[in-house]
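A.B. asks: what follows is a predicted protein model with its sequence.
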There are 2 protein chains.
Amino acid sequence: MRATVRDVATLAGVSPKTVSNVINGVVPVRPATRERVEAALRELDYVPNLSARGLRNGRTGVIALALPDLATAYSAELAKEFVEAAHERGWAVQIEQSGANAERELELISRARTHLVDGLVLNPTTLVGSGVEGDHGPLPPTVVIGEVEPRGVDQVHVDSRRAAREMTEHLLELGHRRIAIIGASDDAVFRSATSELRQAGYEDALAAAGIAEDPALCIAVAEWAPGPAAAALAEHLDRHEAPDAVFCFTDAMAIGAMSALAGRGLDVPGDVSVAGFDDIQGAAFVVPALTSVSFDKRAIALAALTALERRIEDGAAPRKVAIIPHTIVTRASTAPRG
Amino acid sequence: MRATVRDVATLAGVSPKTVSNVINGVVPVRPATRERVEAALRELDYVPNLSARGLRNGRTGVIALALPDLATAYSAELAKEFVEAAHERGWAVQIEQSGANAERELELISRARTHLVDGLVLNPTTLVGSGVEGDHGPLPPTVVIGEVEPRGVDQVHVDSRRAAREMTEHLLELGHRRIAIIGASDDAVFRSATSELRQAGYEDALAAAGIAEDPALCIAVAEWAPGPAAAALAEHLDRHEAPDAVFCFTDAMAIGAMSALAGRGLDVPGDVSVAGFDDIQGAAFVVPALTSVSFDKRAIALAALTALERRIEDGAAPRKVAIIPHTIVTRASTAPRG
DNA sequence: CTGAAAGCGCTTACAG
DNA sequence: CTGAAAGCGCTTACAG
C-alpha cells in the first residue's frame, strides 16, 4: 500500500497538518521537525495522491491541449513545445484530438469540465467561434491558439493575413504573376478563419500589385495534408497551364504540392516556385528546401500557457490577444522567373 | 457552483446512492426513479468530479504516454493513434516527453505514481532496461513500446532486426554493395537497443551475402533527426567516396540524408539509393518518394493499450510481448545500380 | 430496488 | 510553530 500523510505523520511523531506544511512549504516548520518529517517521507517513499489533493483544492495541476491532428508536423511541433513548457511550470498535459471537427471541438470544451483539467488550450480549425462562446454551460478556462472570430476568448496567433500578404509579395518580387494558392477557403469544402485570412492576405498583395485574381488559381482542399494537396494540384494541372508559383497555406501541403509537380515532370523552382507556411522542421531538409512563413512555436506555447494561467487565476480578467511575430524565410524552393 | 450528486439527489427526491446507481448503471434502478434522476441531472447540468471519483475508486481513467520527442514524425503519428484509440476506450491521455534521456525516463516512471495516472506507456530510446525494472519503488502498470532488454516488462514492437535485414537484402538485390547505415550504435555517441538490433539485421544480411562490413560505413548520430543525419552524412562524404546506398534507421534521418546528398550534387536514386524506417506519412511525398520499413502504427497503439489494460487489471499477470508485422515498401528512392 | 453512513487522502480554517 | 476536526464529492459495503 502507498503511504499517506497520516502514515508519515505517525512515523515522524507529528500531525498530518505538519507533514502537509513540510510538503507544501508555505508555513514555516521548525528545522528539527522538518528533518524528522523528511526522513519519514523518504523512508515510506511517500507519493502524494493527486486525486485527493485535486478534490480538496479544486485544482488538479493538469491542463488539456486540444489539436486537430497530432500527426500533422505543425501540431506535433506545437505540442512538443507546449508540453515542455507546461512541465517546466509544473503542469501535466492531457492531449485531445478534435479531428478538425467542429462538433468534436465543442464536445472537448464541455468534457474539459469533467476530465480533471484546470483549463484548456484549443487549436481549432473550423469556424468554431460560435462554439467557443458557448451556451454549453460555463466554459472552463480556455485559450485559443489560432484565429477564430473574436468572441471574448483569449487568443494567441500569428498575423496570418499579413504573413500571407508578405509571402505573396515575395513571390511577386521574384517575377511570378500566376500564383496559385492551396488551402483556399471554399464553402463547399472547408472553411476556416485561418484559411480566409491567408487568402485575404494573398488578395491584398495581388490587389496592391494590380493583378486580377483568377479564381481557378484558388485551390481548395478537404484537409490540410500532403495527400489531398497533391491530389488537388494534380487535378488542377490536368486542366490548366502550370502556374508560376504555388503558395500553400501549410508546409505539409507544400510537400504534397512538390510531389505532384515532380509527378508531372515540373522542376521546383525552375518551372514552378513553391512556398509554404509554418516552417516545420522538415522544411529545411526537403529538396529543394522550402520557403516558408516562420514563427517561434515555443513563443506560441509560452504565450498560450501564460494566458491560460492568467485565465485560471481570474475568470473575469479582460480578454487578451497575443500576436506572435513571423518572418518570411526564403530557401531554394522559390526562385526568380528566368 | 457545479452541481454535486447530492444536489441532484435532493432535486430528484432520492438519495445520492440512487443517483450514483443511475450514473454508473451497474445496479438496476426503477424506470420512474431513473427518469426523475436523469431530469435532475440535465437540469443541473451535472458533471461528475473525476478527482473525487478517482480518490474513491483508486482509478483516474487517465493513462500516460511517454515519448522521446513529440515533434518527431514517428512519435507524432504513434501518439495520434494512441490518443485516438485510448479515447475510444474511455481513457484520457497525458503526454510526457523524455527527451531521449534515460534519467528523465526513470523520473517519468516514478512520477507516474504521482500524476493521477492509472498506467504508463513508455517509448524509450536509450538502453533503459535496467530502469524499467526499477528498484525505484513499485512500478506503476507499465508497457514499453520498442525493444529494450527483456526485464519482465510488457512490450510491443516490430522485429527491428529482421526488418533491417530485409531492407538491406532489398538494397543488395538492387546491386548495391557499399551500403552505409545512419543511426548506428556507438558507445561514444548514442546507444539504444533499437539501434543495435537494426545494425545487427544489417550485418546479418551482409554476412549472408558474403560482404565484409566496413566500419566507415556505419555512421553514428547523436540524435535521430534530419539535421544530425544530414551533418553526419555530409561529413562522411567529405572523407569517403559516396556509398551505393544509405539505409537510415528512421525516415526522419533519411530526409536529412537526401538533403545532404542533394547538397553534394548526388542524385537519388541515380547515384545513391536511400531507404528509411517507419514509413511516416511524409515518406510517400518527398521527392523521390522514400523506400521504407512500414508497419501499422494503429496496431502498435492498440496492442499497447490492450497490454496496459491487462496490466492494470492484473499486476501479476505473466509478461507478454506483442510483435507487430512490418513490410518493406519500395518507392522511387531506391533503384538498381546501372 | 433504495437509504444512511463511512471513508478514499488531502488541506484549510480554527484553536492553541 | 503545531494539533484536532472538518469536509472536498464520490461510491461501496451494510442494512433494510
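C.D. replies: Nice, I can see it. For clarity, every value in this text was computed on a predicted model and none was experimentally measured. Numbers count the residues shown, from 1 in each chain, chains lettered A, B, ... in the order given.

A.B. asks: quick one: the strands in the stretch 101-250 of chain A?
C.D. replies: Along the stretch 101-250 of chain A, counting by DSSP state E, counting those that start in this stretch, strands occupy A:119-122, A:142-145, A:154-158, A:179-182, A:218-219, A:245-248.

A.B. asks: and the stretch 1-150 of chain A, which residues reach DNA strand C?
C.D. replies: Counting by Cβ under 7 Å from any atom of the strand, the stretch 1-150 of chain A comes close to DNA strand C at A:1-2, A:4-6, A:16-17, A:19-21, A:23-24, A:26, A:46, A:48-49, A:52-53, A:55-57. Heads up, the C-betas are built off the backbone N, CA and C, glycines and all.

A.B. asks: pull out the buried members of those residues.
C.D. replies: A:4-5, A:19-21, A:23, A:46, A:49, A:52-53, A:55 (16 or more other Cβ atoms under 10 Å in any protein chain shown).

A.B. asks: distance-wise, check the closest residue to DNA strand C within the stretch 201-338 of chain A relative to A:Arg319.
C.D. replies: Per Cβ to the nearest atom of the strand, A:Glu313 is where the stretch 201-338 of chain A lies closest to DNA strand C, at 14.9 Å. Using Cβ to Cβ, to the nearest Å, A:Glu313 is found at 14 Å from A:Arg319.

A.B. asks: more neighbours, the two?
C.D. replies: Remark: of A:Glu313 and A:Arg319, A:Arg319 carries more neighbours, 12 against 9, as counted by other Cβ atoms under 10 Å in any protein chain shown.

A.B. asks: confirm that the more buried one sits in a helix.
C.D. replies: No - under DSSP: H, G, I helix; E, B strand; the rest coil, A:Arg319 sits outside any helix and is assigned coil.

A.B. asks: contacting residues around it?
C.D. replies: By Cβ atoms under 8 Å, 6 or more residues apart in numbering or on different chains, the contact list for A:Arg319 reads A:152-154.

A.B. asks: which of those residues has the most neighbours?
C.D. replies: Greatest neighbour count in the contacts of A:Arg319, by other Cβ under 10 Å, goes to A:Asp154: 23 neighbours.

A.B. asks: for A:Leu172, see how far away that residue is.
C.D. replies: Applying Cβ to Cβ to A:Asp154 and A:Leu172 gives a distance of 35 Å.

A.B. asks: stretch A:75-86 and chain B in contact?
C.D. replies: Yes - Stretch A:75-86 reaches chain B (Cβ under 8 Å from any Cβ of the partner chain) through A:75-77, A:79-80, A:83-84.

A.B. asks: those in helices, which ones?
C.D. replies: With DSSP state H as the criterion, helices contain A:75-77, A:79-80, A:83-84 from among the residues of stretch A:75-86 next to chain B.

A.B. asks: make JSON lines out of the contacts of A:Arg319 and add distance to B:Ala64 and pLDDT.
C.D. replies: Compiled in JSON lines, the contacts of A:Arg319 are given as follows (distance: Cβ to Cβ, whole Å; pLDDT from 0 to 100):
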{"residue": "A:Gly152", "distance to B:Ala64": "34", "pLDDT": "81"}
{"residue": "A:Val153", "distance to B:Ala64": "29", "pLDDT": "89"}
{"residue": "A:Asp154", "distance to B:Ala64": "27", "pLDDT": "93"}
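
A.B. asks: low pLDDT regions in the stretch 1-150 of chain A?
C.D. replies: A:1, A:100-101, A:108-115, A:126-138, A:149-150 (pLDDT under 70).

A.B. asks: near DNA strand D, from the residues of the stretch 1-150 of chain A next to DNA strand C?
C.D. replies: Filtering those for proximity to DNA strand D by Cβ under 7 Å from any atom of the strand leaves A:16-17, A:21, A:52, A:55-56.

A.B. asks: and the two most separated of these?
C.D. replies: Using Cβ to Cβ, those reach their maximum pairwise distance at A:Asn21 and A:Leu55, which is 19.5 Å.

A.B. asks: ok and the residue in the stretch 101-250 of chain A nearest DNA strand C?
C.D. replies: DNA strand C sits closest to A:Leu116 of the stretch 101-250 of chain A, with a gap of 14.1 Å, by Cβ to the nearest atom of the strand.

A.B. asks: where do the helices sit along the stretch 51-200 of chain A?
C.D. replies: Here the stretch 51-200 of chain A has its helices, by DSSP state H, counting those that start in this stretch, at A:73-88, A:102-112, A:129-133, A:160-173, A:193-208.

A.B. asks: okay, these in JSON lines with distance to B:Ala66 and mean neighbour count next?
C.D. replies: As requested, these are exported to JSON lines (distance: least, Cβ to Cβ, whole Å; neighbours: other Cβ atoms under 10 Å in any protein chain shown):
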{"stretch": "helix A:73-88", "distance to B:Ala66": "11", "mean neighbour count": "22"}
{"stretch": "helix A:102-112", "distance to B:Ala66": "23", "mean neighbour count": "19"}
{"stretch": "helix A:129-133", "distance to B:Ala66": "31", "mean neighbour count": "18"}
{"stretch": "helix A:160-173", "distance to B:Ala66": "34", "mean neighbour count": "21"}
{"stretch": "helix A:193-208", "distance to B:Ala66": "31", "mean neighbour count": "20"}
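
A.B. asks: filter the residues of the stretch 1-150 of chain A next to DNA strand C down to just the ones in helices.
C.D. replies: Members of those lying in helices (criterion: DSSP H): A:5-6, A:16-17, A:19-21, A:23-24, A:52-53, A:55-57.

A.B. asks: can you list the domains in chain A?
C.D. replies: Following automatic domain parsing, one gets these domains for chain A: A:5-48, A:58-157+A:296-324, A:160-295.

A.B. asks: show the average pLDDT along the longest one.
C.D. replies: It stands for domain A:160-295. Per-residue pLDDT values over domain A:160-295 give a mean of 95.

A.B. asks: can you give me the end-to-end span of it?
C.D. replies: Terminal residues of domain A:160-295 lie 11 Å apart, using Cα to Cα, to the nearest Å.

A.B. asks: just stretch A:276-296 next, same as before
C.D. replies: For stretch A:276-296, the first-to-last residue distance is 15 Å (Cα to Cα).

A.B. asks: now do the contacts for A:Leu67.
C.D. replies: A:75, A:78-79, A:95-98, A:123.
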